[in-house]
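Novice: coordinates only, sequence not included:
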């Protein structure tokens, strides 16, 4: 894979994550700062993503795990 493909794949993944977060926030009515604080102890994480910032893969995994757990809890 070329460096350009690596960059494009990373951007697509980041955009997909942000879309997933925005959907979660809309579904739950949770604010972005509260979400970030609860998910990864960083109230600025959503703002950072919205402004084009990058995050570690481990952070993405934590965000996704939080959203999954919250959705499961809501179904109970």
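Specialist: Nice, I can see it. Owing to the predicted nature of the structure, the values given are computational and were not obtained by experimental measurement. Numbering: from 1, shown residues only.
Novice: What are the neighbouring residues in contact with residue 47?
Specialist: Going by CB atoms under 8 Å, 6 or more residues apart in numbering, residue 47 touches 32, 33, 36. (C-beta placed from N, C-alpha, C; glycine too.)
Novice: 10 Å instead?
Specialist: 32, 33, 36, 53 (CB atoms under 10 Å, 6 or more residues apart in numbering).
Novice: One more: residue 70?
Specialist: 24, 27, 28, 30, 35, 38, 39.
Novice: Can I get those residues in TSV including pLDDT and neighbour count?
Specialist: As requested, the contacts of residue 70 are exported to TSV (pLDDT from 0 to 100; neighbours: other CB atoms under 10 Å):
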residue	pLDDT	neighbour count
24	98	19
27	96	12
28	97	14
30	98	17
35	98	21
38	98	12
39	98	22
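Novice: Of those, which belong to helices?
Specialist: Among these, the members falling in helices (DSSP state H) are 24, 27, 28, 35, 38, 39.
Novice: The nearest residue to the last one once chain neighbours are set aside: neighbour count?
Specialist: For residue 39, the nearest residue in space outside its immediate sequence neighbours is residue 66; the separation is 3.7 Å by CB to CB, 6 or more residues apart in numbering. Other residues within reach of residue 66, judged by other CB atoms under 10 Å, total 17.
Novice: Then residue 53?
Specialist: Neighbours of residue 53 (other CB under 10 Å): 12.
Novice: so it makes contact with residue 17?
Specialist: No - Residue 53 is beyond contact range of residue 17, at 11.5 Å (criterion: CB atoms under 10 Å).
Novice: and which of the ones in helices among the contacts of residue 70 is nearest residue 73?
Specialist: residue 28 (10.6 Å; CB to CB).
Novice: For the closest one, give me its contacts.
Specialist: 34, 35, 67, 70, 71, 74.
Novice: Could I get the contacting residues of the second one?
Specialist: Right, residue 35. Counting by CB under 10 Å, 6+ apart, residue 35 touches 21, 24, 25, 28, 43, 45, 46, 63, 66, 67, 70.
Novice: what do you get for the third one?
Specialist: Residue 67 makes contact with 17, 20, 21, 23, 24, 25, 27, 28, 30, 35, 39, according to CB under 10 Å, 6+ apart.
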